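Enquirer: below: sequence and its predicted model.
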Amino acid sequence: MSISEFIELNRKSLLDDLFSLLRIQSISAKADHHQQMLDCANRWKELLLQGGVDSVDIYPTEGNPIVFAKKDINPQMPTVMVYGHYDVMPAEPLELWKTEPFEPQIIDGHIIGRGADDDKGQSFMHYAAFKYMMQEHCLPCNIHFLLEGEEEIGSPNLEAFCTTHKELLKADIILVSDTSMLSADKPSITTGLRGLAYWEIEVSSANRDLHSGIFGGAVANPINELCKIIARLQDEKGRILVPHFYDDVDIVSDSERQLIAATPFDAEEYKSSLGIDELHGEEGYSTLERTGIRPTLDLCGIWGGYTGEGSKTVLPAKAYAKLSCRLVPHQSFDRIAPLMQNYIAQIAPSYVKVKVTPLHGAEAYVCPINLPAYKAAEKAYEEVFGKRPLPVRRGGSIGVVAVFEKVLGIKSILMGFGLESDQIHSPNENYPLYMWKNGIKTIVAFYKNLTL
């Protein structure tokens, strides 16, 4: 039976199993969802056992558990470890969803629901491919599965797990499907990811909210001062003003910049899809360079004072902001985090108190395109999509990929099948059924072409 026939014959049962995962509100950012995290880990255990693995263990951590499964057919054969994550982003703002975020549906050929793409839908493709190969007795190597529940909060406990379980996690290559392609008709394989540094800033003044008429002009307003601090983090050309921030930035060669320039990119289509009139970013770089090889700084949230209906003349006691930087190869989160903290402390005025708390970070990653496993992935994409995939660097971060290389010494192949239109991390997350099917087919083709 071909993989196409398998998918069609088992379409309903496969989607039912996927939907059983999507219904679980495994939101790692919310502490009160810990039971749902356990439920999702256990559901994955059930599915993997049904699929034919030899064993599944759920390992507790200081946060959410890690699911690890093994199917060993021959200790002398290569081992591929599949990585995925079962935690999802919060669904808010709920009022912008057209459907219930945790009641998955198929509408107009798209799976709709939180986690449909990121990363339950993409992880499930590996399970479906594995189930097919087990049924057809064509598994060409040992396959292990590692599924964690904290990727969306920076994988704070995974490095310790990898360090403790190095022997358990031995493998020749790691497959990760948590990235996207350029488009459905422009297949691509992610060869680089940016790192991440994330902080929360708190600015405080008086010991309580004050009447803005009585105290305004005499007491510093934390929101005003927070805005001034933020304005001094970046100049009008998009350069980050933190001293020594760029010291370790990887200088990309002219030949690689030419390769990036040759990547198909329609600026008008890009702007139209986002509903914007102009693109903006660091001066001297193209859009693809800005999102792939250059570091960035963004405010992810800002709040304080009164934001309810109507007016309230209040001078707030506190103001807050969430700040992130995407980092490039050679920039270390451990070095960048204190640089930001020290700079903000230096520019903060003495008449307010400022606290900067690092929340989490991740290192950047680059995958060589001459690895045998990369070549196998390249052939697999070409077989299924009809075009040789382009190697591209993407702007997102998957911290565990760098951890795997640092702690385990294993390279990862980023075989992502998401599309920009999937709206991951946003309301109405979706995943086209045809991409889900093609992803399963490509994974099977990868194993067929794999020679390690």
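Expert: Looks like it arrived, so ask away.
Enquirer: which stretches of the stretch 51-200 of the chain form strands?
Expert: Here the stretch 51-200 of the chain has its strands, by DSSP state E, counting those that start in this stretch, at 55-59, 66-71, 79-85, 105-107, 110-112, 142-148, 173-176, 188-193, 195-204.
Enquirer: mind giving me the packing neighbours of the next helix or strand after the longest one?
Expert: Using DSSP states H and E, the helix or strand that follows strand 195-204 in sequence is strand 210-211. Identification of packing neighbours for strand 210-211 by 3 or more Cβ pairs under 8 Å, 6 or more residues apart in numbering; DSSP states H and E yields strand 314-315. The C-beta positions use only the backbone N, C-alpha and C, and glycine is treated the same way.
Enquirer: make it 6 Å
Expert: Counting by 3 or more Cβ pairs under 6 Å, 6 or more residues apart in numbering; DSSP states H and E, no packing neighbours are recorded for strand 210-211 among the helices and strands.
Enquirer: just use 23 as the starting number from now, easier for me
Expert: Right, with 23 as the first residue, what we last looked at is strand 232-233.
Enquirer: contacts for that strand, please.
Expert: Residues outside strand 232-233 that contact it (Cβ atoms under 6 Å, 6 or more residues apart in numbering) are residue 337.
Enquirer: and the next helix or strand past that strand?
Expert: Toward the C-terminal end, the helix or strand that comes next after strand 232-233 (DSSP H and E) is helix 234-237.
Enquirer: tell me the contacts of residue 146?
Expert: Listed by Cβ under 6 Å, 6+ apart, the contact set of residue 146 reads residue 40.
Enquirer: and for residue 398?
Expert: 468, 471, 472.
Enquirer: which SS state does residue 381 fall under?
Expert: On the three-state scheme (DSSP: H, G, I helix; E, B strand; the rest coil), residue 381 is labelled strand.
Enquirer: tally of neighbours for the residue lying closest to it once chain neighbours are set aside?
Expert: Spatial nearest neighbour of residue 381, chain neighbours left out: residue 220 (4.5 Å); criterion: Cβ to Cβ, 6 or more residues apart in numbering. Residues within reach of residue 220, counting by other Cβ atoms under 10 Å, total 20.
Enquirer: residue 220 contacts residue 380, doesn't it?
Expert: No - with contacts counted by Cβ atoms under 6 Å, residue 220 stays clear of residue 380, the gap being 7.2 Å.
Enquirer: angle of the helix or strand hosting residue 361 against strand 217-226?
Expert: Following DSSP H and E, one finds residue 361 within helix 355-369. Orientation of helix 355-369 against strand 217-226 (axes from the mean of the first three to the mean of the last three Cα atoms, to 10 degrees) gives an angle of 30 degrees.
Enquirer: off-centre distance for helix 355-369?
Expert: In this view, helix 355-369 has its centroid 24 Å away from the chain centroid, taken as Cα atoms, centre = their mean, to the nearest Å.
Enquirer: buried residues in it, which are they?
Expert: By neighbour count on 16 or more other Cβ atoms under 10 Å, the buried set for helix 355-369 is 355, 358, 359, 361, 362, 363, 365, 366.
Enquirer: one more: stretch 195-202?
Expert: If you call a residue buried by 16+ other Cβ under 10 Å, then stretch 195-202 has these buried ones: 195, 196, 197, 198, 199, 200, 201, 202.
Enquirer: do stretch 426-443 as well
Expert: Judged by neighbour count (16+ other Cβ under 10 Å), stretch 426-443 contains these buried residues: 426-427, 429-430, 432-441.
Enquirer: reformat those residues as JSON lines; add pLDDT.
Expert: Formatted as JSON lines, those follow (pLDDT from 0 to 100):
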{"residue": "426", "pLDDT": "97"}
{"residue": "427", "pLDDT": "94"}
{"residue": "429", "pLDDT": "97"}
{"residue": "430", "pLDDT": "97"}
{"residue": "432", "pLDDT": "97"}
{"residue": "433", "pLDDT": "96"}
{"residue": "434", "pLDDT": "97"}
{"residue": "435", "pLDDT": "98"}
{"residue": "436", "pLDDT": "97"}
{"residue": "437", "pLDDT": "97"}
{"residue": "438", "pLDDT": "96"}
{"residue": "439", "pLDDT": "98"}
{"residue": "440", "pLDDT": "97"}
{"residue": "441", "pLDDT": "96"}
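Enquirer: quickly name whichever of those residues is closest to residue 282.
Expert: Nearest to residue 282 among the buried residues of stretch 426-443: residue 436, at 16.7 Å, using Cβ to Cβ.
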